[in-house]
Structures are given as C-alpha cells and as structure tokens.
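Enquirer: Next come a sequence and a model predicted from it.
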Amino acid sequence: MRSSSTTPAPQPLHQTDVEGRPGLLAGRPVRIPSGPGADYASALLEALGASVVRLPGGPEVDPAVEWARSGAMALTGRPDGPPLPAPGPLASCASGAMKAVQILRGTERLARLDGAGLLGERAAIFGWTRNGTTSPGGSCKLLQARDGWIAINLARPDDVALLPAWIGEGDVSDPWRFLADRVADRTVQALVERARLLSLPVAIAREPQPSAPPWYRIAARGDSVLRTGADRPLVIDLSALWAGPLCTQLLTLCGARVVKVESTRRPDGARYGPQAFFDLLNAEKASVALDFGTADGRRKLRRLVACADIVVESARPRALAQLGVDAEALVRSVPGLTWVSITGYGRREPGAGWVAFGDDAAVSAGLATAQGSDEGGPLFCGDAIADPLTGVHAAASAMASWIAGGGHLLDLALSEVTAHVLAFGPKLPGATVRRIGSGWEVTVGRERAAVVPPCARAPHERARPLGADTDGVLTELGVSC
C-alpha cells in the first residue's frame, strides 16, 4: 500500500511530458536493448520522461513480419480475400509498449509476454476471423453515407433500441439493413452529431493524422510519495471489457495486488462472454461487488479508491461523478495516488462524453481508411485493436507514475493511442502476400513469415466469482464500517 510519507516531486533533468511540464520519470535513466519494438519502447519511455540509453542486442524484426506473426493480420482483410499487411507498425508498437512495461518493472512472468500476440487474443478465444467492412466480432460495421463512411457499433442491446431515435422509426429486426438504407442519404457529420447525443458509439472514418498525437496526457497533479523497489502497489480496478482489465492484468504480472470492483447491478460485461477471455484478463484479482445504487455502496466505493496506490477505470467522467467520485479532486488530495482514465476520446471536451469501443475508436483514428483503398473503401484492421494497444500503453504509464511516487491523473484515449501508433515511424515498404498451401505468407525484402492465426495465452487460473472477496477486502482496508 501507499507509504504515508510525502515529498515534493523530484525535479526533471531535461525531459517534459506531453503538456510541456516535468515528465513522470523525471530524467530517470533506463537502458533498452535493441531488438523487436526497441525503437517504440524508447519513444514511449522518453515521452514518460526517462533518459534512454540504447544497448546492443538483437536485430529489429520488420514490422510486416511481426504483423504476420501477431495473429492480427489473419483478422484483417475481406473474408474472401488474402490477409492484409497493416498500414503502420502496429504489431511492432505493441511489442515496444510491452518492452517498456518490462523495463519499468521486470518480472519473470512479464518477461515471457509477447506484446504483439496480445492483439489477437480475444478473436482466438471467440473463434473470429476477418470480415472486411464488418468487425471480426460482428458488432461494428462500416457504412457508406452521402459524403463518406461511418462506423456504427451495436455492442450493447440498448444500442439497437436507440436506432429509431437516432435515424427514424422503422423495422429494426434486421438492424444492418435498416441502417444501410437510411445512412446512405445523410452526411457523416449529421449522423455522428446526433448519435453522440444518444450515447451511440458512431465514428467518422477519417484520414490518418499526419503526425502522432500525444498518447497520454496528465489531467491533474498531486503530491508524490517516497517508494522503494520492494513496495507493492495496491490497484483498484474499476474498468470493464478489454483495455482496462488488460492494463490491470499486466500490473498483476508486475507484482501489483489488484482488486476488481464491480457493480452488483451491472457487472463487467465480459463476464457474460466466454469464460476463458474473462479469466485471461481477471485471474489473480480479488473481486469486490458493491451496489452503486445505494448511498452505502457509493460511500464504500469512495473509501476504496482513497486506499489505492493506482486506480484504473474506463468510464466517462460524468458516470463516476454521478457516483460521487471526482478523480481530479482525489489525485490532488490523496498523496501518491495514480489514476489511469481510459476513455474513447479523452477526458477533455468536446469528447469527454462520447462513447466508443475498440473497433469504432480505431476507425476514428484513421486506421480503417488507411487499411482500405480509394476503390474499395475502408476496412477494419484487426479485432478492436484500440483496446489491447491502449491497455499496454496504460500499464506503462501507470507503472511510470507509481515508480515516480504517483500524484498523476493520466488521461488515455483509445482513439489517440491508435492514431499515435499509426503515425509512428516512416511509411512501411510494401509487403507481398501470397498463398502457400492452405495458408498465406508475407515477404518483405529478404524476410518472410507465415501469416499465423490469432492465439491466446492460457489463463493462469479462474477469475474470482463476482463479489467473492467483498467482505474480506473491505474489512482489511477498513472500509466496511
């Protein structure tokens, strides 16, 4: 848990964060061996304020080859066509982000993890494949409007029920036919503006940004505390689905103690999917369930987060505000607290209230347009790729803040992380894809690699049942009274 002693945050040597103020790591030297993902790991750690020294090591793997080996390439392209190379170094950046986490808090279990392989884990468990203008999971589609393309994600049952309010009354028994007919004669801006008023996850298929936007922002600062390498952070995980739970699962591999806190009325939606995916992301976390609809449940929630060293959440700011949880105020008042906020478009207006999931957030970042073509239109790239990319980036920023003594509200947006990755490095040289037997092979320069199907790690153990540890955790932390 957090140390009770406080100290002013150390002064930086020369690095600054994305807002131009002292970076989280304040000039801390880190050494990075060359090899897959090293360039991106260096860039991330420098953005976090570290002073990076590159060491000799293994050669870099071509990004197209790493993409082929990640499992995500098999999820990209039309169902009746070949798997497609990515328009940017997505798999290499995932490897680099994981390398950054490993450097910040190296453990034996963490060292064995392949960052690029995380991109295809959900699809491997669900048995999904590439679908072109439909996401591998089937809940998100790219539809052509009058002046461009949009992505609409019907990820929740309530989303289908909102379609008449968004686009007019009619028979929604086949929602995609209903939408295709009505979207075609409307402008993308009008469609998206009205969808956001209804909290529907809809995004314009934009062009990629010419330069990388910040992948994290510091939204608030507080006091730091002194920590030693022997300290073990207490993490309160308020997140759901993929990006946030992946972040906290990586923090467990960093040695953190993680307590997953859910609403008894609306638990993490991933509990209702394949058990293997929920177990993969949530094993080794204690489970606390509270009734957020009661004053007592909200009081216990507020006391829990005040006990934490790190809080990770994936709600829009107003959702937590309705529970009486003010992240900015907590970071300023609780010494050493690191708060990681994962949203679709960031905590700042105008995007703070917009809903997004991994597939549509990546479309907003320009990935579908970059993946497609002028003739055939945009295509989905991987499976909700903004989620695993953001989850690993969030873990890196959380560990950097905690090592530095905390006192930061870290703002990570699915759309900005994806846009940052897409814009990283020079444009990739063309890769050749050809069929080999019953599979596919990528060739770029002198390198070649088979396109492998997505693969998932075996869960370390079963996740705890909902609320199994509520009484024990609340009593231990002094929250039950």
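Expert: Structure received. Numbers count the residues shown, from 1 in each chain.
Enquirer: Isn't residue 407 up against residue 221?
Expert: Yes: between residue 407 and residue 221 there is a contact at 5.8 Å, judged by C-beta atoms under 8 Å. C-betas here are computed from N, CA, C, even on glycine.
Enquirer: Compare the two and say which is more crowded by neighbours.
Expert: When residue 407 and residue 221 are compared for neighbours, residue 407 comes out ahead with 25 against 16, by other C-beta atoms under 10 Å.
Enquirer: Please tell me how far the more buried one sits from residue 381.
Expert: According to C-beta to C-beta, to the nearest Å, residue 407 and residue 381 sit 36 Å apart.
Enquirer: and what of residue 107?
Expert: If you measure residue 107 against residue 381 using C-beta to C-beta, the figure is 31 Å.
Enquirer: Kindly report the same for residue 161.
Expert: Taking C-beta to C-beta, one finds residue 161 at 29 Å from residue 381.
Enquirer: Over to residue 268?
Expert: To residue 381, residue 268 is 26 Å away according to C-beta to C-beta.
Enquirer: swap in residue 90?
Expert: In terms of C-beta to C-beta, residue 90 sits 7 Å off from residue 381.
Enquirer: cool, and residue 302?
Expert: Residue 302 sits 40 Å away from residue 381, going by C-beta to C-beta.
Enquirer: Comparing the two, which residue is more hemmed in?
Expert: Neighbours per residue, other C-beta under 10 Å: of residue 302 and residue 381, the larger number sits with residue 381, 31 against 15.
Enquirer: Contacts only, for the more buried one.
Expert: Going by C-beta atoms under 8 Å, 6 or more residues apart in numbering, residue 381 touches 72, 76, 86, 87, 90, 362, 367, 368, 370, 371.
Enquirer: residue contacts, the fifth one?
Expert: For residue 90, the contacting residues are 63, 67, 72, 119, 381, 382, 385, 389, 421, 422, taking C-beta under 8 Å, 6+ apart as the criterion.
Enquirer: Which member of those residues is positioned nearest residue 256?
Expert: residue 389 (20.8 Å; C-beta to C-beta).
Enquirer: Next, that closest one: secondary structure please.
Expert: Following DSSP: H, G, I helix; E, B strand; the rest coil, we place residue 389 in the helix state.
Enquirer: was I right about it contacting residue 418?
Expert: Yes: using C-beta under 8 Å, residue 389 is in contact with residue 418, at 6.1 Å.
Enquirer: So which residues of the stretch 101-250 of the chain form strands?
Expert: Ranges of strands within the stretch 101-250 of the chain are 140-144, 149-153, 202-204, 217-221, 224-225, 234-237, based on DSSP state E, counting those that start in this stretch.
Enquirer: mean confidence for the fifth one?
Expert: Mean pLDDT, computed over strand 224-225, is 92.
Enquirer: now for it, which elements pack on it?
Expert: strand 6-7 (3 or more C-beta pairs under 8 Å, 6 or more residues apart in numbering; DSSP states H and E).
Enquirer: returning to what we had before: any chance of the contacts of residue 90 in a markdown table, with distance to residue 210, secondary structure and pLDDT too?
Expert: Formatted as a markdown table, those follow (distance: C-beta to C-beta, whole Å; DSSP: H, G, I helix; E, B strand; the rest coil; pLDDT from 0 to 100):
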| residue | distance to residue 210 | secondary structure | pLDDT |
| --- | --- | --- | --- |
| 63 | 19 | helix | 90 |
| 67 | 22 | helix | 95 |
| 72 | 24 | coil | 97 |
| 119 | 24 | helix | 98 |
| 381 | 19 | coil | 97 |
| 382 | 22 | coil | 97 |
| 385 | 20 | coil | 98 |
| 389 | 20 | helix | 98 |
| 421 | 15 | helix | 96 |
| 422 | 11 | helix | 94 |
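Enquirer: Lovely, talk soon.
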